[in-house]
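attaching a predicted model along with its sequence, questions to come.
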Amino acid sequence: MNIDIIEESADVLPEYARMPISFVVRSIFDVQLVDGGLKGVKLLERPVDVPWTKDYDAFRDEGPARWRDRWDISNWGVISAFVRGSRAGGCAIAYDTPGVHKLEGRKDIAAIWDIRVAPRYRGNGIGGRLVDAAVAWAERRGCRMLNVETQNINVPACRFYAKHGFTLGAINRHAYSEFPDEVELIWCRKIADRAPIPHAGSASTSTPC
């Protein structure tokens, strides 16, 4: 399959948002603390009794079309995948944005804020190509780390990030007051320590790390 990966402006987000991000929950990772956590943490996969659908875009104030209402996204990146001219996937990268706590107020961290592949194109390697493009985008800005958040109910995403060089950096069992049964998992991928590489088409506000 011929996949074209390009960087676009945030103006395409309404069109980007038409690609669904929903998935079917068939299993979850139970978080087991060994000796109260003193001897480590285990993620134990177990099937759910009744599969159900999770749609991140369905929740209030969520979804690409609403990001501008919540944050200044002028420093964000939008990477898109096309197959024969059809929008097949996309990735949004948050960077240097006040109020986005996953960035920790630092300019050497970027975060994959959203990644999605249109259902008809899933399973063709598009997600991996988008991650590679996101890593390169963050590297050009001098970032040392690329983070991404998911939950213990999204087992396929956890396995996907592990496959593509991310390691589990943090577990927050109490992150979501509205979803007390879900556990926040932060995955991290280290980026080579190097100075920012000039990139065409936009001005970077980052400083060398």
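Nice, I can see it.

from here on, contacts and neighbour counts on C-alpha atoms
OK.

now D114: how far from D35?
Between D114 and D35 the computed distance is 35 Å (C-alpha to C-alpha, to the nearest Å).

and those two? Which one has more around it.
Higher neighbour count among D114 and D35: D114, with 18 against 9, using other C-alpha atoms under 10 Å.

OK, contacts around the closest residue to G40 other than its chain neighbours?
Sequence neighbours aside, V34 is the residue nearest to G40 in space, at 5.4 Å (criterion: C-alpha to C-alpha, 6 or more residues apart in numbering). V34 sits next to 40-42 when contact means C-alpha atoms under 8 Å, 6 or more residues apart in numbering.

give the helix, strand or coil label for R18.
Following DSSP: H, G, I helix; E, B strand; the rest coil, the label given to R18 is coil.

go through the chain and flag its longest helix.
Across the chain, the helix with the greatest residue count (assigned by DSSP state H) is helix 126-140.

packing partners of it?
With contacts taken as 3 or more C-alpha pairs under 8 Å, 6 or more residues apart in numbering; DSSP states H and E, helix 126-140 sits against strand 3-8, strand 77-83, strand 86-95, strand 109-117.

tell me the strands beside the last one, with direction?
Put plainly, it is strand 109-117. Applying DSSP bridges, strand 109-117 is found paired with strand 86-95 (antiparallel), strand 145-151 (parallel).

ok, residues contacting stretch 159-167?
For stretch 159-167, contacts defined as C-alpha under 8 Å, 6+ apart pick out 128, 131, 168, 187-190.

same deal with stretch 124-133?
Outside stretch 124-133, the residues that touch it by C-alpha under 8 Å, 6+ apart are 1, 3, 5, 79-81, 88-91, 115-117, 164.
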